[in-house]
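J.: attaching a predicted model along with its sequence, questions to come.
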Amino acid sequence: MLITDKTRQSAVALAVLAIAGVMMLGAAEISSEAGYAGIGPNFLPWLVAVGLAVVAAFLWFEARSGGFRDMPDASASDAPLASAPCWRGFAWMSGALLLNAALITTIGFILSCTLCFACAAHGLRQAQSGSAQTLRSWLTDLVIGLLIAAPVFWMFTKFLAINLPGLTQSGWL
Amino acid sequence: MDVLNQLMQGFATAGTPINLLWAFVGCALGTAVGVLPGIGPATAVAMLLPITSQVDATASMIFFAGIYYGAMYGGSTTSILLNTPGETASMVTAMEGNKMAKSGRAGAALATAAIGSFLAGTIATIMVTLFAPLVAEYAVRLGPPEYFCLMLLALTTVSAVLGQSTVRGLAALFVGLAIGLIGMDQITGQARYTGGVPELLDGVEIVLVAVGLFAVAEALHAVLFEGASTESQNKLSRVRMTGSDWRRSLPAWLRGTAIGAPFGCIPAGGTEIPTFLSYAVEKKLARGENLAEFGQQGAIEGVAGPEAANNATVTTALIPLLTLGIPVSNTTAILLGAFQNYGIQPGPQLFTTSASLVWALIASLYIGNVMLLVLNLPLVGLWVKLLKVPKAQLYAGILIFATVGAYGMRQSAFDLVLLYAIGVLGLVMRRFDFPTAPVVVGMILGPLAEAQLRNALSIGEGKWTVFLERPMSLGLLGVVLAVLVLPRVFKKRG
C-alpha cells in the first residue's frame, strides 16, 4: 500500500485543524456583547475553536511520531481489517443514501426507501462476495425492501401520525 | 410514606392497559435491538424520537425506558452466543460467557445473565425510588456555579477518562460542542454558525447526529471493512441453572449490584469501569476449581457479576439524569433530548412539576424488569433466531429506519444529506478509534453548560473567582482535576 497509516492519521489531524479554522472564522462574526456575565455569545465558540486547534496539534504530533497512541490492537479488535476496503460497496451504499435524499419527496417514502434498501443490500453483498449479482438477488432485495418500507410507512403515518411523503396526494402509497 | 404513595400513583398511571402496552412494545423492541448487531439502544431511541411530536410524554418515556432496559438484556444474549461482542457494556460478559457457551453451557450463562439483570435492575430501581427524591431535594439548593461544575465533570469523564486516548476523546468532545453551538444562542438569541441556512437556526437535530454516528456509520463501516468477516455462533443449550450455579451466581449478582449501582449515580458515566471491576473482583474471590474455570471452560461468576453490575449502573444512571438533568451516556443523553422535545427540562424541579410523569416512569421500570425476565428466559430461543438475519438485509433495513427517524423529525430532504455527511464523519471516527459518546453528550450538554456558565458569571459579576468562593463548586473542580490527573499517575506507576 502506498498510503501509510502515517499519512492517513496526519490527514485526520489536518481535518480537525480545518474544523478549528472554520470555527474561528465563524466565531469572529459573533458579537461579544457580554452583559453582566463578562463573557458573551462568542466565548464558547472561541474556546471550542482554540480547543480543536490544540487537539489537532497533538494529533499531528502523534501521527508524525509513531502513530496515534493507544490504538486498539488490530488482531484483538472485533472486526479485523484483513481484507482491503471495498470501495465499490461503499459507493453503492453512498449512492443509496443520497438517492434516497434526492427522491424521497418526488416518488414518496415507500418507493424511495425500497430503492435505497436494494442498492445498499447490493453494496453489502458485493463487499461480502465480490462477485457479480444475479437479477434474482436484485429482485429479492427489491421485494424485501418493499415489504419493510410499506408496513413502516403505514405504521408511522397512520398510528403515530408522523408525516412521511406518499407517492400520491391521498397518501396511500 | 410520601414516596410510597407517589410510587403507587405511578403504578396506577403505568398500569393502564395502553401504558402497559407501550412498556411491553418497548421491552420487546429493546431486546430485539440489543440482540441485533449493528444497532443499540441509543440508535433505536434516537430513530424513534419523532414520535415525541404525537405520543404523550408519559407513554413515550415509558416506551423509551423499555427500549433502554430491554437492550441491556438482549445485548448479553448476543455476546454469549456470538463470538463477536457488540457494545462495550457486554464485552466483559462475552469473555466468560463465550467460553461457557463453547463448553456447552450457553443456557446456564443466559439464565444467570437474565436473572442477574433482573435482580440488579430491581434493586437499583428501589435505589432510584428512595434516593432520587432526596437528591432532587438537595439539588434545588445548587446554583449555576455548582451546576456548571457538575456538567464539566460529566463532560470531562465522558471524554478524557472513558476512552482509550484523552486526545481523541477531547477531539470528539469539541466536535460535539461545535455541533451544539449551531443555532440560536439561548441567552441572547443570536444566530451562530448557521451560514444563513434557515434550517440550521433551530440547531442540528439530535436524531440526525445520533442516527448518523451510530446507524449510518455502522452500515458504512460494515460495507467498507467487514465484508469477508464471518461470525460463528455457539449452540444454544437448555436455559436452566443447577443448584451449584445458583449458589455461585447469587453472591456474584449481589456484589455486581453493589459495585455497579454507585457508578451510575455519579456523573462519571459508562458501564465499562464497573463491569471490569466486577469481573476482577469475581476472579479474585474465586477459589479452587471455580478459579480454574476462568478463561478455560468459563466461570459462571464471570457472567453473573458483570451483568448485574451493568444493569445496576444503567438503572442508577437515571438518578443524575432525572434529578440534575445530566446525562452520562449516549442513551441517557438522547433520553434528555426526548424530555427537551416535550419542553421538559429534567432537573430538581422535575419531581414537583412533572411528578406523575417521573413516578410513572419509575413504576414502569419495575414492570419492565418483570416483563423482560419473562421475555428473555422462556423465549430466548425466539430472539436467537434474529441472529440469523443476513447482514446485507440487516444493515439495509437499518437504513430504512434511519430514514424514518431523520426525515420524520422535520420533513426535510436536506436532513437526509446531512445524515449521510454525519455518517461519513462517524465512519472516519470509528476507523481511527475516536469515541462517539463525547460527541453526543457534548452536543446535548454543551448548550446547557454554556448557559450555566454565563449565569454563574453573571452572579459573580463577571469574576471567575465565583467558582472558587463557593465550597461545593470548589470541591467539584477539585474532583475534575483529580479525574484528569490521577489516571495518568497510575499509568506511569503501573
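T.: Happy to help now that I have it.
J.: so where's chain B shaky on pLDDT?
T.: For chain B, the stretches with pLDDT under 70 are B:1, B:83-90, B:162-163, B:227-232, B:267-269, B:491-494.
J.: for chain A, that is, sorry about that
T.: A:1-3, A:34, A:72-83, A:130-133, A:161, A:167-173.
J.: how about 50 then?
T.: Applying pLDDT under 50 to chain A flags the ranges A:1, A:74-80, A:82.
J.: break it into its domains for me.
T.: Per automatic domain parsing, the domain ranges recorded for chain A read A:5-64, A:87-159.
J.: between the two ends of the longest one, how far is it?
T.: The separation between the terminal residues of domain A:87-159, taken as Cα to Cα, to the nearest Å, is 40 Å.
J.: ok now that domain, how far from the chain's centre?
T.: 16 Å (Cα atoms, centre = their mean, to the nearest Å).
J.: off-centre distance for whichever strand or helix holds residue B:246?
T.: Using DSSP states H and E, residue B:246 sits within helix B:243-265. Remark: helix B:243-265 is offset 20 Å from the chain centroid, using Cα atoms, centre = their mean.
J.: what does the helix or strand following that helix rub up against?
T.: Sequence order places helix B:272-285 as the next helix or strand after helix B:243-265, per DSSP H and E. Contacts to helix B:272-285, defined as Cβ atoms under 8 Å, 6 or more residues apart in numbering or on different chains, come from residues B:88-89, B:91-93, B:95-96, B:162, B:252, B:255-256, B:259-260, B:263, B:291, B:294, B:299, B:301-302, B:304-306, B:308-310, B:312-313. No exception for glycine: its C-beta is placed from N, CA and C like everyone else's.
J.: same deal with stretch B:441-451?
T.: For stretch B:441-451, using Cβ under 8 Å, 6+ apart, the contacting residues are A:44, B:148, B:151-152, B:154-155, B:158-159, B:172-177, B:179-181, B:186-187, B:204, B:206, B:209, B:269, B:325-330, B:333-334, B:336-337.
J.: now do the SS call for residue A:162.
T.: Classification of residue A:162 using DSSP: H, G, I helix; E, B strand; the rest coil returns coil.
J.: surely it meets residue B:50?
T.: Yes. Between residue A:162 and residue B:50 there is a contact at 5.1 Å, judged by Cβ atoms under 8 Å.
J.: neighbours around the residue nearest to residue B:69 when sequence neighbours are not counted, how many?
T.: Nearest residue to residue B:69, sequence neighbours excluded (Cβ to Cβ, 6 or more residues apart in numbering or on different chains): residue B:368, at 5.1 Å. Residue B:368: 27 surrounding residues under other Cβ atoms under 10 Å in any protein chain shown.
J.: and residue B:368, how far from chain A?
T.: Remark: distance between residue B:368 and chain A (Cβ to the nearest Cβ, to the nearest Å) = 21 Å.
J.: tell me which strands and helices the helix or strand hosting that residue is in contact with?
T.: According to DSSP H and E, residue B:368 maps onto helix B:355-376. Helices and strands touching helix B:355-376, as assessed by 3 or more Cβ pairs under 8 Å, 6 or more residues apart in numbering or on different chains; DSSP states H and E, comprise helix B:2-14, helix B:17-35, helix B:57-81, helix B:106-139, helix B:318-324, helix B:350-353.
J.: run the angle between that helix and helix B:106-139 for me.
T.: 170 degrees (axes from the mean of the first three to the mean of the last three Cα atoms, to 10 degrees).
J.: ok, back up a step: find residues that contact each of residue A:162 and residue B:50.
T.: Both residue A:162 and residue B:50 are contacted by A:156, B:404, B:408, under the criterion Cβ under 8 Å, 6+ apart.
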